[in-house]
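**Q** no FASTA, just this:
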């Protein structure tokens, strides 16, 4: 095989991330709750926000969060100044640090969020 053939073959090999993404994911048990959570930061130099989000979470058999993505969100700045541009990122960073109990297989759960300033 010449160099050109090797390069083409290398591009055809799926990456580890692509292989993980192709693994089947079942729906988690409806009563699956995290063992411990991290609360998203709702205040920083950009201001303060509150609102709601729905987050799709893939849980590994070990209970670790493999991935999280925002399905929908609606954030509002609190007070006269503020930006909500960083709100989704803050929620995702928090969820990625959650731990669930052991599950029998990799599963998917949708988590509703409601963050309020009191």
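**A** Nice, thanks for sending it over. Since the structure is predicted, the reported quantities are computational estimates derived from the model, not experimental observations.

**Q** pretty sure residue 27 contacts residue 109?
**A** Yes - between residue 27 and residue 109 there is a contact under C-beta atoms under 8 Å: 7.4 Å. Every residue, glycine included, has its C-beta placed from N, CA and C.

**Q** Those two: which is more packed in?
**A** Each of residue 27 and residue 109 has its neighbours counted (other C-beta atoms under 10 Å); residue 109 has more, 19 against 10.

**Q** Could you confirm the more buried one falls within a helix?
**A** No - checked against DSSP: H, G, I helix; E, B strand; the rest coil, residue 109 lies outside a helix; its state is strand.

**Q** and it, what does it touch?
**A** 27, 28, 32, 56, 57, 59 (C-beta atoms under 8 Å, 6 or more residues apart in numbering).

**Q** beta partners of the residue nearest the centre of the chain?
**A** The chain has residue 68 as the residue nearest its centroid, 1.4 Å off, counting by C-alpha atoms, centre = their mean. Beta-bridge pairing of residue 68, defined through DSSP bridges, involves residue 57.

**Q** ok, it to residue 48 distance?
**A** Here residue 68 is placed at a distance of 22 Å from residue 48 (C-beta to C-beta, to the nearest Å).

**Q** and if you look at residue 41?
**A** From residue 41 to residue 48 the distance is 10 Å (C-beta to C-beta).

**Q** what about these two, which has more around it?
**A** residue 48 (18 against 15).

**Q** tell me the contacts of the more buried one?
**A** Residues in contact with residue 48, defined by C-beta under 8 Å, 6+ apart, are 42, 77, 78, 79, 82, 117.

**Q** between those, which is nearest residue 96?
**A** Closest approach between the contacts of residue 48 and residue 96, by C-beta to C-beta: residue 42, at 16.8 Å.
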